[in-house]
Structure formats: C-alpha cells, structure tokens
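Enquirer: Structure for this input, please:
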Amino acid sequence: MKAYKEPSMYLDFESSEIQEIVAEFKNDSLSDVEKAKAIYLKIRDGWRYNPYTISMDRSKYKASNIAQQEEGHCVDKAILLIACLRAVDIPARLRLAKVTNHIAVERLMERFGTNVLTPHGMVDVYIDNKWVKATPAFNKELCELVHVAPLEFDGENDSVFQEFNTEGQQFMEYLEDYGYFDDVPLDFMMENLKTNYPKVFRDDDGIVEYRF
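Expert: Okay, here's the model as predicted:
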C-alpha cells in the first residue's frame, strides 16, 4: 500500500500547486470518503476535458504542471486526481484501458481515424479497506453538451463510465483493461499511442513526433 501513497516525479503532490488544490480538504472533520468525493468533483469540473492535448514532453505529465492548465485529457485528469488524493493520505493508483466513444465522434474520427480512445485514464481509490474506481475525465459542462449525465463518485462504488446518454444511445464501451500502475507508465503509454494511432505519429531515426 505504501507505493500508492508516495510522491514521484509525475505524482509530485508535495508541490505548491497540488497543496493549494487540497488545502481546503486537509480537515480532520472530513472522512476519507468525504475528501475523495469532494476532490473528485473539483478535478472533474475544474479542468475541461480535451482529448487532443497529448504531449511527448514528459514534464507535461507532472501533476503540478497539469494543475496549472485549464484543460486536459483523461490521463491528465487522472494523474491530477491521484496526486491530490495522495496529498491527503488516501492511496490511489492509475488504471488504463481502451474504450470506444459512440457519441460526438466526428472530430475524433477526423483527428485519430477511429472512435477508439486509448489509453483511457481512470483512478483506483482505496477507501474503507477496498479499491473503488473513479473517472474524472468528463466535466459537467461537456456532459450537458452531449446529453450525458455527469459521472458521479460516491466513494463506495465503482464510477467507470456512462454507457448510455440521456436519450438511450450508447455512449461508451470498454474494450480492454490494461491494469493498474503505481506511477505514470509513460513509455507504455507512448508505445500504445504509436500502435493504435499510426497516422498521428512519425518515427524517424528514433525521434517521435506528434502531428495533428
């Protein structure tokens, strides 16, 4: 369990940026469930979801850098949530998966050539002697635009994805679970992106470029 509470280069929760986010939750009157729920909502709605903010710069995946942005993709927001949870002594780890998005996919198809998103980032949170899943990716405003109920997290049950929108149309589908990680597996993530989106990356003499 110790590995899921420690800082790292990416999960740098001792930084001033992360400490500022969690300052209001360092309150002994709050239970771990209450802290986790409140921090989840702050990350979900405080940073807009943007799946096109992928960077090859390792420093961009540091929680302290993500905290200074106004938006991020699912892995960015998962990293930020993990760092904030660890900052209040709640064990948390990154979980990655492959998913299909069925709604508002026109831009995805244009950019990626597919409606499959990978790796998709979630968070495993350890509360009350069990692991539960939380997915802070989609902010409330975005959900309203695509007619999907915002994904809630109660600290007791898995909160993974919205399968259908409010009109009964399929929204998301999980294809593959890559498992969990105690730190950000950036090498795995980059190889995954290159494999699944070959039109997006060019690899010349070992130099990989991101090209949209």
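
Enquirer: what's the offset of stretch 20-27 from the middle of its chain?
Expert: Stretch 20-27 has its average C-alpha position 20 Å from the chain's average C-alpha position, going by C-alpha atoms, centre = their mean, to the nearest Å.

Enquirer: Can you tell me, leaving aside adjacent residues, what's nearest to the residue nearest to the spatial centre of the chain?
Expert: When the chain is reduced to its mean C-alpha position, the closest residue under C-alpha atoms, centre = their mean turns out to be residue 78, at 2.7 Å. Spatially, and ignoring its direct neighbours in sequence, residue 78 is nearest to residue 121 (3.5 Å; C-beta to C-beta, 6 or more residues apart in numbering). To be clear about C-beta, it is placed using only N, CA and C from the backbone, and glycine gets the same treatment.

Enquirer: Likewise for residue 181?
Expert: Taking C-beta to C-beta, 6+ apart, and ignoring the residues beside it in sequence, residue 181 has residue 94 as its nearest neighbour in space, at 4.7 Å.

Enquirer: hey, where'd the strands end up in this protein?
Expert: 48-49, 71-72, 92-101, 116-127, 130-134, 172-181, 201-204, 207-210 (DSSP state E).

Enquirer: Could you check the angle the third one makes with strand 172-181?
Expert: Interaxial angle, strand 92-101 versus strand 172-181 (axes from the mean of the first three to the mean of the last three C-alpha atoms, to 10 degrees): 150 degrees.

Enquirer: Strand 92-101 pairs with which strands, and in what direction?
Expert: For strand 92-101, sheet partners with direction are given as strand 116-127 (antiparallel), strand 172-181 (antiparallel), following DSSP bridges.

Enquirer: quick one on the thing from earlier: export the strands of the chain to JSON lines and tack on mean pLDDT and mean neighbour count?
Expert: Written out in JSON lines, the entries for those read as follows (pLDDT from 0 to 100; neighbours: other C-beta atoms under 10 Å):
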{"stretch": "strand 48-49", "mean pLDDT": "94", "mean neighbour count": "17"}
{"stretch": "strand 71-72", "mean pLDDT": "96", "mean neighbour count": "20"}
{"stretch": "strand 92-101", "mean pLDDT": "94", "mean neighbour count": "22"}
{"stretch": "strand 116-127", "mean pLDDT": "95", "mean neighbour count": "23"}
{"stretch": "strand 130-134", "mean pLDDT": "98", "mean neighbour count": "18"}
{"stretch": "strand 172-181", "mean pLDDT": "94", "mean neighbour count": "15"}
{"stretch": "strand 201-204", "mean pLDDT": "56", "mean neighbour count": "12"}
{"stretch": "strand 207-210", "mean pLDDT": "41", "mean neighbour count": "12"}
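
Enquirer: would you turn those into CSV with distance to residue 31?
Expert: Written out in CSV, the entries for these read as follows (distance: least, C-beta to C-beta, whole Å):
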stretch, distance to residue 31
strand 48-49, 28
strand 71-72, 28
strand 92-101, 16
strand 116-127, 9
strand 130-134, 14
strand 172-181, 24
strand 201-204, 44
strand 207-210, 42
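
Enquirer: ok, back up a step: these two touch, right, the residue nearest to the centre of the chain and residue 122?
Expert: Yes - the pair residue 78 and residue 122 passes the contact test of C-beta atoms under 8 Å, sitting 6.0 Å apart.
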